[in-house]
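>>> fold the stuff below for me.
(2 chains)
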Amino acid sequence: MARFGMAIDTVLCVGCMDCVVACKTENGLPEGLCRDWIVTEATGEFPDTNLEIRSERCNHCDRPPCVHCCPTRASHVEDRGHLVQITKELCIGCKACLASCPYDARYVHPDGYADKCTFCMHRLDQGLPPACTAVCPARCMHFGDLDDPHGDVSRLLAARRHHALQPEAGTGPRIFFLT
Amino acid sequence: MTEFTNTRANHLVDPFLQVWGWEIPVYLFLGGLVAGMMVIAGGAMFADRQRRAGSVLTLLPGLGLVLLSLGMGALFLDLEHKPFVWRLYTTFQPASPMSWGAWILIAVVPALLGALLLNVPAFLRRRFPALTALSEALCAQAAVVRAIAAANLVLGGLLGIYTGILLSALGARPLWNSAALGPLFLTSGLSSAAALAHLATRDRSESEQLARADQRFLQAELALIALFLIGLLTATQVHIRAATLLLGGPFTAVFWVGVVGLGIALPLFLQSLAAGQRIRPTPVGPLLVLAGSLLLRFVIVHAGQLSRWGPV
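Purely as a prediction, here's the structure:
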């Protein structure tokens, strides 16, 4: 069974926000809310400085706290790709999953249920990559099976330095940033 | 130097999490208060003190049902997808404290009703005369009384601890990552229940007993607050940063002056003076305990939402 994840090349990413617009368009997101976003992190002291631009979203964690705390199993792990998904008809809007996510990746949809990145599950079903990955003009986003040693993502992770966000939180994030 | 910019501006999430407003602190306070009332009433049932004529403890189960309903009402108001609330009761998720809580809240109702039937208030007896016979039949069965007392003690304890574990199980908010939070909320619930009963009683000796019990609960609460802070300060950098919300950060004044000073230390001082008969018994102490207990929930819920693992 696949275990989908992403490798995002921060050296190539220019923060153009095409991924954000593609996600909003593809998924018909309400105004003012987003499932992915751009973070710019500048570190160091002149002249030894570094700038990292990241396209961030739900990390579809291996040990997802949002799934564990959900009282109705609305948040669950799909067999397909081990993706964390939400069944909106089961969600009561208690917001425990929002409070449990160290990445603040979720929000409350105006219809009342918790919402977040699905890795465009409906596109995966058609053999297409997530919208954000498909539109990236810098080709900095790579989507694939982390358990496939010959896949794009696994080869990039084997060859390049990379990091995940807040691995110390213990959730096992599956989005990696190549540096 | 580290500088972050983030294009995300999701409602209730950015610039910092504020998913829970007044409803959850009020629910946690009322849940803790009812839990304390159940433990105190259950203990009194075992000691066979609750049937003493005029005892305020006979009123606790009925009052508990009313306060529990108000608390559940606050919880319902907080839900964003209200028509689907019944989904809570179509499943049990053992890893979810909220699922445990939903079922505990259901189990608590028959325990409170049982306790109410052991001591049916006079106005209910007048309206429903059949309740008198039912109550007497139940009271004649020592095993039934013991079972209802045990149910109140156990379920009251679970309800009180769960209100703290509900928060401490959310690992993404470092301020809540403390095993002390469950016992702290239970103890706070016990002290507020003792304070409420103390306010309501007209019996002098019962009043003194409740004041003494409240003093012990308040002392335990102070010790648990110390453990809670020591636990955070001796943990990781994110936990130390979370503790500073209460130690120099934006919640310092309201926590130390409101919760610890006016809500615990001053009532302890006033009640020790009253116990030594150096001042007349006053309702100020119990009222402050109740206000401090409510404020504790507000501070912990709101400060906890400000704490996070990632960049501040």
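
>>> which residues in chain A form helices?
Assigned by DSSP state H, chain A shows helices spanning A:18-27, A:65-69, A:96-100, A:121-124, A:131-135, A:152-159.

>>> the fifth one - contacts with which helices or strands?
Just to be clear, that refers to helix A:131-135. On a contact count with 3 or more CB pairs under 8 Å, 6 or more residues apart in numbering or on different chains; DSSP states H and E, helix A:131-135 meets helix A:18-27, strand A:141-145. Placement of C-beta: from N, CA and C, glycine included.

>>> which residue sits closest to the closest residue to chain B within chain A, ignoring its sequence neighbours?
Using CB to the nearest CB, A:Gly93 is the residue of chain A that sits closest to chain B, at 2.8 Å. Computed as CB to CB, 6 or more residues apart in numbering or on different chains, the closest residue to A:Gly93 that is not its neighbour in sequence is B:Glu80, at 2.8 Å.

>>> show me what contacts A:Gly15?
Contact partners of A:Gly15, counting by CB atoms under 8 Å, 6 or more residues apart in numbering or on different chains, are A:Ile38, A:Thr40, A:Ile53, A:Ser55.

>>> tell me the spacing between the last one and A:His163.
Put plainly, it is A:Ser55. Distance of A:Ser55 to A:His163, computed by CB to CB, to the nearest Å: 14 Å.

>>> looking at those two, which one has more neighbours?
A:Ser55 (28 against 12; other CB atoms under 10 Å in any protein chain shown).

>>> hang on, B:Asn152 is in a strand, isn't it?
No: counting by DSSP: H, G, I helix; E, B strand; the rest coil, one finds B:Asn152 to be helix, located in no strand.

>>> now it: how far from chain A?
24 Å (CB to the nearest CB, to the nearest Å).

>>> correct me, but B:Leu196 touches B:Met37?
Yes: with contact defined as CB atoms under 8 Å, B:Leu196 and B:Met37 form a contacting pair (7.3 Å).

>>> how many neighbours does the spatially closest residue to A:Ser154 that is not a sequence neighbour have?
In space, and not counting its chain neighbours, A:Ser154 is closest to A:Asp148: 5.9 Å by CB to CB, 6+ apart. By other CB under 10 Å, the residues close to A:Asp148 number 13.

>>> what do B:Leu196 and B:Met37 both touch?
With CB under 8 Å, 6+ apart as the test, B:Leu196 and B:Met37 both reach B:Leu63.

>>> all strands of the chain, in order?
By default, I'm working from chain A. Taking DSSP state E as the test, the strands found in chain A are A:4-9, A:37-45, A:48-56, A:75-77, A:84-86, A:107-108, A:114-115, A:141-145, A:162-163, A:175-178.

>>> nope, chain B please
Under DSSP E, chain B gives strands at B:2-6.

>>> quick one: low-confidence residue ranges for it.
B:48-54 (pLDDT under 70).

>>> how about the strands of chain A in a markdown table, adding distance to chain B and mean pLDDT?
Formatted as a markdown table, these follow (distance: least, CB to the nearest CB, whole Å; pLDDT from 0 to 100):
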| stretch | distance to chain B | mean pLDDT |
| --- | --- | --- |
| strand A:4-9 | 15 | 97 |
| strand A:37-45 | 4 | 95 |
| strand A:48-56 | 8 | 96 |
| strand A:75-77 | 10 | 97 |
| strand A:84-86 | 11 | 97 |
| strand A:107-108 | 4 | 98 |
| strand A:114-115 | 8 | 98 |
| strand A:141-145 | 16 | 97 |
| strand A:162-163 | 13 | 97 |
| strand A:175-178 | 14 | 98 |
